[in-house]
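**Q** please work out how this folds:
(2 chains)
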Number of protein chains: 2
Amino acid sequence: MNSERETAALPLRRARVTGGFWADYQRLVLDRVIPYQWEALNDRVPGADKSGFVANFEIAAGLREGAHYGCVFQDSDGAKWLEAVAYALTVRPDPALEQTADRLISLICAAQQPDGYLNTYYIINGLDKRFTNLRDHHELYCFGHMLEAAVAYYHATGKRALLDATIRYADCIDREIGPEAGKLHGYPGHEVAEMALIRLYEVTGDEKHLRLARYFIDQRGQSPLYFEEEGRRNGERFYWEHQHFRYQYYQAGRPVRAQRDAEGHAVRFAYLLSGVADVARVTGDEGLLKTAWALWDSATRRRMYITGAIGSSHVGESFTFDYDLPNDTVYGETCAAIGLVFAARRMLQLSPRADVADVMERALYNGVISGISLDGTSFFYVNPLEVVPEACELDEGKRHVRPRRQKWFGCACCPPNLARLLAGLGAYLVTEREDAAYVHLYADAELALRLNGRPLTVRMESGLPWRGDVRLTVTEGGAEGALMLRVPGWCPGWTLSVNGQAADAPVSDGYLCLRRAWRAGDTVALALDMPVTLMAARPEVREDAGKVAVTRGPLVYCLEEQDNGPQLHRICLPMNAEFAECAVPGLPVSGLTAMGLRESGAWASDALYAPVRDTGAAPCRLTFVPYFAWANRDPGEMAVWVRKA
Amino acid sequence: MNSERETAALPLRRARVTGGFWADYQRLVLDRVIPYQWEALNDRVPGADKSGFVANFEIAAGLREGAHYGCVFQDSDGAKWLEAVAYALTVRPDPALEQTADRLISLICAAQQPDGYLNTYYIINGLDKRFTNLRDHHELYCFGHMLEAAVAYYHATGKRALLDATIRYADCIDREIGPEAGKLHGYPGHEVAEMALIRLYEVTGDEKHLRLARYFIDQRGQSPLYFEEEGRRNGERFYWEHQHFRYQYYQAGRPVRAQRDAEGHAVRFAYLLSGVADVARVTGDEGLLKTAWALWDSATRRRMYITGAIGSSHVGESFTFDYDLPNDTVYGETCAAIGLVFAARRMLQLSPRADVADVMERALYNGVISGISLDGTSFFYVNPLEVVPEACELDEGKRHVRPRRQKWFGCACCPPNLARLLAGLGAYLVTEREDAAYVHLYADAELALRLNGRPLTVRMESGLPWRGDVRLTVTEGGAEGALMLRVPGWCPGWTLSVNGQAADAPVSDGYLCLRRAWRAGDTVALALDMPVTLMAARPEVREDAGKVAVTRGPLVYCLEEQDNGPQLHRICLPMNAEFAECAVPGLPVSGLTAMGLRESGAWASDALYAPVRDTGAAPCRLTFVPYFAWANRDPGEMAVWVRKA
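**A** Down below sits the predicted model:
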């Protein structure tokens, strides 16, 4: 049923990050984020918002008395943590952590009801109310995250306890929700179960799981609208009644197959797209494939920031319209950029295309990891491209933007989402099909590939994002087939050598195709040109008119007040500026420096407006820092887009 | 007690607008707005939001049954209308209109309670609750507007019925509110009574009225905070609890004399400043004078748009911080620009300064009359400087901005406020002191001045805002003293002649000083150079960096999509552009045309971002229309600030 172009993601156990940039982030996750979050989930972090996650399960399991605490989707925080732990155990075995996870899984299983139901909010508050508010109570969202955790933990450890529990939970849901008469014709108010069910299906092979995922997608937005009827039953005021997006907030304003634009809540959108791509891949459904690509194009070609951030408005954390990309009022939730990475990997499984991998890489190196501080202890929800701290405080329309990362959140979706993505990053490097392996991201990693049914083990090394060199060494050969090496969109030229000899290779869909019988010791060296490049946005993008962004390789850079003084809007950049790498005081990563111009602050009158005159601009040395590293010093102004001189 | 620099405003009956630009607006108000609003106040406009104003008074007077309808400040809408009628009757006698007004006044008086109380909301809903929510229930605001109407009507007609009623109402308030033990130590939640009481004081000479005005200012923001205590008594949640401005929304976060910045709700601020200036003028209080000038400077030198709009944020319709002037998310309420004109006239009474009159003129010709359509039938609440209609619909952060004026509003403060300002505009032309008359605004008008105790009648003519010519003809002479003619800030040069002879005159505070014994037939001709001028904002203004605004004389111009096509952000203006006047299709006013550049829309790739390259810009003919005339055709994009080529 799959087309020739489809590829499978190389799973984490066969794609181990071993060093370099991403290994540093994984260490941060393993050493800091996972332990910290475990303490948070247990309400043991002094001064942090209470989580209630573990306590809720203890209460649901009858081990203690108490009320459900926190958001209705509190279960998902711990599920995401558990998923991160699964990846962490694959990256670096840790018996103590595994024991902790096993105990947590026992607790979760102890809370499961005889019919398989497993959601602490309703177990504690009354099972009679379950499945009565699919729109806003995140019941199926928590279900999806629990599935993801279960499958990941099963892959990591071979242990089935949580997997079996969630299979029973899926059976429970399948008995109550679906197209058949007598069932609720509902679907998730926040998507994630769709892609999670496909992960489950790929373990169980049980058509029921595929059918449920497909149903969730096909039923979504059908008329009569389930969410509207449910709201009527509940006698509830519809929160988004007066916003233009209304039910498109949930991507439920019309049937999914009739949707062509990225609309509504950006995280929900990215998760839906991931599920659509998964179901389209597994079923080969042409209509869904078309929908998936239309939604992908809308999000990434018309509604995405240069950092890979999505969601132009904080109202509904939502998309707005084509080319509307305000840099200062943007939402750009960390989870939405993460969702875009999820979607990208799935689009690559549909069709390996270097431009899709470009988006995945853009989001990862910029809008995703900007969400976490360099020391792994604080987090951004919102990832703006222009910040004036005073405005965040004194302009209520920018209050959602913060010039400083926070320790934790009452609604703590982003930190554990970062943890699970970064710990599991190996699974985003490569997809493979029968006779070819597509390398989408370059990193230090051990890859256990299979080509034409035979194993091929490759050691990959790369200096990215700081150097454009890539080196692959076959450590275990004997397979024949193609290694497809991505030529990134940012790369204007490259040199290739195989076993030390300059080589040439055809480029297909943006990948260099190296097809041969591989032997142990074979080496491929790819040197990607990675000049500093000034990027422009399409002419339609109002907010970036007359401006450029400094980039090098996958990294977007920005100006910070700490290095360049206040009033960054007075800075202009000549188009022939010469850049050099530089150390940045107070930051552990290197920056770029160039001579720019700072417009004079001189102003003859005491009036606010005066006839324009050329007051000149003084040359000034500018320092650009990688966007992901901003806000790791004292708060100050920041700008990605800089005026052209 | 007054200083030498203080001047009195020439009242409307001595400053009659007779023709030209402002007479057209007055005709619009007299012929369209006042009759339309009377119908609206009587709930007789099909399809328009109900007002309830007249009905509320009928119910309060016991003439019919019913509940109070509309906002808690509904009384003020009709009071503003009545004030506008008073000015209209001065401008153009109209017995039928006067009879209508007299009948309305009888109705209002019939609703007055035996102790003088006069507010329909509490008369209908329970007098026991009166004065229990000064913070948010606009009781003293309605009182202030009723005072303004009463004084204006008394000046216009000599009839005292409403004046006497409001004097009794003032007595009633004075018995209940004030610094003495046993009284409520409150003050208005929305200012206007302060300046209204001074107007009353100037009629009555009763120190009680001055004392109450001064008390309202001095008590405001004192600790313990009255609004906080009142809120506690009412057990109410404080709406602005989590906004940074909190009680500064009402300019009550600290004592008025301790305030140095324009903060909080912009209309409230401008009304407070007007009251502060009035009390400072009447009492000569040095501390208040200093406060008035500090607040004026903050508002106009650091927080005002080039159109005279104030209020950078729609949250709280409020100021934000110095030089924070976003053009697309601005509030710029019509009433706030009107309030700035009120304040400016009062600052001019403190000290005639041409730069203050510049602000008054800037607001009048731009941010005030942009609030009303050219046909007088529809109104803006919000006056943006940059509009993309799609964003107003699809970006929830810009939903307050409208690309099209509305017919009327549920909260209809702006239309009657426009009516009373425009009908009474004559009173803003001139202020005078013993030996000098300061002409602040040039228009076709008859001025009945007094210099050194003797009358001097002058006919003023001017082609402004289209031509910079001004001509004064003495029609009744015999007085000696100075005519002080403002040299506008926008005027780089001028020629002056007296009785046909080129003349020279010293300039003092921005006014040409023409001192002589004036005889009938004397003429003064002033030709003000009025070139098209490209204006820049101070370098601190982030949102206008690299941009200019096209102005000519007092008018700010803008680009509209109708004339210049969509995507106005792609348009650049060379600094040496040559402008010519031009007709504008579909508009009854002339525009300015120049050659500009439109950046190419060409884009090689299908990606959203690509390496910058010079794709060139094509020369294009640009049409600029006066800002006040925007949005009088089909909705489209609009921009005041244009990128420098």
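**Q** give me the domain ranges for chain A.
**A** Taking automatic domain parsing as the reference, chain A has its domains at A:8-428, A:430-528, A:533-644.
**Q** looking at those domains, which is buried most?
**A** Ranked by mean neighbour count, those are led by domain A:8-428 with a mean of 21 (mean count of other Cβ atoms under 10 Å in any protein chain shown). C-beta: built from backbone N, CA, C; applies to glycine.
**Q** report whether that domain contacts chain B.
**A** Yes - judged by Cβ under 8 Å from any Cβ of the partner chain, domain A:8-428 comes into contact with chain B at A:243-244, A:300-302, A:304, A:306, A:312-316, A:318, A:320-321, A:324, A:326, A:329, A:355, A:388, A:390-391, A:393-397.
**Q** about what we covered before: which one of the domains of chain A lies closest to residue B:104?
**A** domain A:8-428 (36.0 Å; Cβ to Cβ).
**Q** first-to-last residue distance for the closest one?
**A** 11 Å (Cα to Cα, to the nearest Å).
**Q** now swap in stretch A:573-590 and tell me
**A** Start-to-end, stretch A:573-590 (Cα to Cα) is 20 Å.
**Q** is it true that residue A:468 touches residue A:553?
**A** Yes - using Cβ atoms under 8 Å, residue A:468 is in contact with residue A:553, at 6.1 Å.
**Q** between the two, what contacts are shared?
**A** Counting by Cβ atoms under 8 Å, 6 or more residues apart in numbering or on different chains, the shared contacts of residue A:468 and residue A:553 are A:491, A:528, A:530.
**Q** contact partners for the second one?
**A** By that I understand residue A:528. With Cβ under 8 Å, 6+ apart, residue A:528 has these contacts: A:468, A:469, A:470, A:487, A:488, A:491, A:494, A:553.
**Q** next up, the contacts around the last one.
**A** Shown here is residue A:553, whose contacts under the criterion Cβ under 8 Å, 6+ apart are A:464, A:465, A:466, A:468, A:488, A:490, A:491, A:528, A:530.
**Q** what's it sitting at in phi/psi?
**A** phi 60, psi -140 (degrees, to the nearest 10).
**Q** do you know the pLDDT at the residue in the stretch 201-350 of chain A positioned nearest to chain B?
**A** Taking Cβ to the nearest Cβ, chain B has its nearest neighbour within the stretch 201-350 of chain A at residue A:315, 3.2 Å off. pLDDT, residue A:315: 94.
**Q** filter the residues of domain A:8-428 next to chain B down to the ones in helices?
**A** Within the residues of domain A:8-428 next to chain B, residues falling in helices by DSSP state H are A:300, A:301, A:302, A:355, A:390, A:391, A:393, A:394.
**Q** show me which pair in those residues is furthest apart.
**A** Pairwise over those, using Cβ to Cβ, the maximum falls at A:355 and A:394, 40.9 Å.
**Q** mind listing the strands for the stretch 251-400 of chain A?
**A** Along the stretch 251-400 of chain A, counting by DSSP state E, counting those that start in this stretch, strands occupy A:386-387.
**Q** for it, what spans make up the helices?
**A** Counting by DSSP state H, counting those that start in this stretch, the stretch 251-400 of chain A has helices at residues A:266-283, A:286-302, A:334-350, A:354-362, A:389-394.
**Q** from the rest of the structure, what touches the second one?
**A** Counting contacts by Cβ under 8 Å, 6+ apart, the residues outside helix A:286-302 that touch it are A:217, A:256-257, A:259-262, A:269-270, A:272-273, A:276-277, A:279-280, A:310, A:319, A:322-323, A:340, A:343, A:347, A:350, A:356, A:359, B:606-608.
**Q** next, residue A:525: phi, psi?
**A** Torsion angles, degrees, to the nearest 10, at residue A:525: phi -120, psi 130.
**Q** bridging residues for it?
**A** Note on residue A:525: beta-bridge partners by DSSP bridges are residue A:471, residue A:497.
**Q** so who does it touch?
**A** Here residue A:525 is in contact with A:469, A:470, A:471, A:472, A:496, A:497, A:498, A:500 (criterion: Cβ under 8 Å, 6+ apart).
**Q** against residue B:73, how distant is it?
**A** 76 Å (Cβ to Cβ, to the nearest Å).
**Q** related to what we said a few turns ago, reformat the contacts of residue A:528 as a markdown table; add pLDDT and secondary structure.
**A** Below are these laid out as a markdown table (pLDDT from 0 to 100; DSSP: H, G, I helix; E, B strand; the rest coil):
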| residue | pLDDT | secondary structure |
| --- | --- | --- |
| A:468 | 97 | coil |
| A:469 | 98 | strand |
| A:470 | 98 | strand |
| A:487 | 98 | coil |
| A:488 | 98 | coil |
| A:491 | 98 | coil |
| A:494 | 97 | strand |
| A:553 | 98 | coil |
